[in-house]
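J.: Kindly generate the corresponding structure for this input.
(one chain, ligands or ions: 1)
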Amino acid sequence: MLATRPIIALDFPDRATILNFLGTFPKEEKLFLKVGMELFYQEGPSIITWLKELGHDIFLDLKLHDIPNTVERAMTGIASLGVTMTNVHASGGQKMMRAALRGLEKGTKSTEQVPLLLAVTQLTSSTEEMIQKEQLVSESLLTSVRHYADLAYRNGLAGVVCSALEAEQIKKYLDSEKFICVTPGIRPKGSQLGDQKRVVTPCVAKQLGATYIVVGRPITSSKTPYDVYLTIKNDWNGEKTYD
Ligand SMILES: O=C(O)c1cc(=O)[nH]c(=O)n1[C@@H]1O[C@H](COP(=O)(O)O)[C@@H](O)[C@H]1O
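T.: Numbers count the residues shown, from 1 in each chain. Got it, this is the predicted structure:
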């Protein structure tokens, strides 16, 4: 399975800004949108209903990380929103991951699909040095990411959020082509890194085995978001490169 649409990270504060942003796209263009903490905490669940009514698919990225009971109950509520995918932090542990799945199953209407559950491994804003010094991880970053992917896989999750730099290794390690690697930290050649550390271009992400790419600022900060979106989409689908 390989997604053709890049997921756009809608890191905006409110509905008005989104209306403006989406107004630069043709109405018929159905998008895969990521709603994260900034937007969800300010607009609440109704933002999901609204975006779905416009025909878009939603990745609700709230990165839950709490005790299993709390995560299970929160996921039951999330499932009732009818999103396509959502996530937890793998570092919350196996019991928490299983509780998250149970919550999603409980909250999904019988006529709908259970949202895909992903585990965030190591944030793409982290480096080898940071995880060693700040989290006291004694293994390499790749080993840590692979380990979290293995836990997610063994506990029935659909996939992970990781850098595309690790996608190939994860799939090899798990011996599973189906396991989903959703990869943020995507930067077209020449665009600003911001706080991202483990970055690749859309085209390289594909070569490395990413299943989905997530792109925010290169599109959302652009004066011509739709053009940038199409260029990234073409690069990801192998129709064009930046050279
Ligand atoms: O779970 C995520 O989506 C996520 C995980 C991660 O490791 N790194 C990461 O950047 N993200 C999200 O992906 C998006 C990347 O945005 P840009 O850096 O603007 O392209 C942001 O909304 C982040 O919250």
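
J.: Please identify the residues of this structure in proximity to the ligand?
T.: By Cβ under 6 Å from any ligand atom, the residues of the chain that approach the ligand are 9, 11, 36, 61, 63, 87, 120, 123-124, 161, 184-185, 194, 196, 214-217. Where C-beta positions appear, they are placed from N, C-alpha and C, glycine not excepted.

J.: Restricted to helices, list those.
T.: Arg217 (DSSP state H).

J.: so of the residues of the chain next to the ligand, which ones are in strands?
T.: Per DSSP state E, strands hold the following members of the residues of the chain next to the ligand: 9, 61, 63, 87, 120, 161, 214-215.

J.: As a markdown table, those residues with pLDDT and distance to Arg98 would be great.
T.: As requested, these are arranged in a markdown table below (pLDDT from 0 to 100; distance: Cβ to Cβ, whole Å):
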| residue | pLDDT | distance to Arg98 |
| --- | --- | --- |
| Ala9 | 98 | 28 |
| Asp61 | 98 | 20 |
| Lys63 | 98 | 17 |
| Asn87 | 98 | 15 |
| Val120 | 98 | 16 |
| Val161 | 98 | 18 |
| Val214 | 98 | 25 |
| Val215 | 98 | 31 |
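
J.: Of all pairs in these, which one is the farthest apart?
T.: Greatest spatial distance among these (Cβ to Cβ): Lys63 and Val215, at 17.9 Å.

J.: Settle it for me: which of these two has more neighbours?
T.: Per other Cβ atoms under 10 Å, whichever of Lys63 and Val215 has more neighbours is Val215, with 26 against 16.

J.: quick one: contacts for the residue in the chain that the ligand sits nearest to?
T.: Closest residue of the chain to the ligand, Cβ to the nearest ligand atom: Gly216 (2.5 Å). If you count contacts by Cβ atoms under 8 Å, 6 or more residues apart in numbering, Gly216 has them with 8-9, 11, 34, 184.

J.: Correct me if wrong: Tyr226 contacts Lys27.
T.: No - Tyr226 sits out of contact with Lys27 when judged by Cβ atoms under 8 Å, with a separation of 11.6 Å.

J.: quick one, which of these two is more surrounded?
T.: It is Tyr226, of Tyr226 and Lys27, that has more neighbours when counted by other Cβ under 10 Å, with 16 against 9.

J.: Mind telling me what element the more buried one is part of?
T.: helix 225-236 (DSSP states H and E).

J.: Could you do Phe59 as well?
T.: Here Phe59, judged by DSSP H and E, is contained in strand 57-64.

J.: and the helix holding Tyr226, which residues are buried?
T.: By neighbour count on 16 or more other Cβ atoms under 10 Å, the buried set for helix 225-236 is 225-226, 228-233, 235-236.
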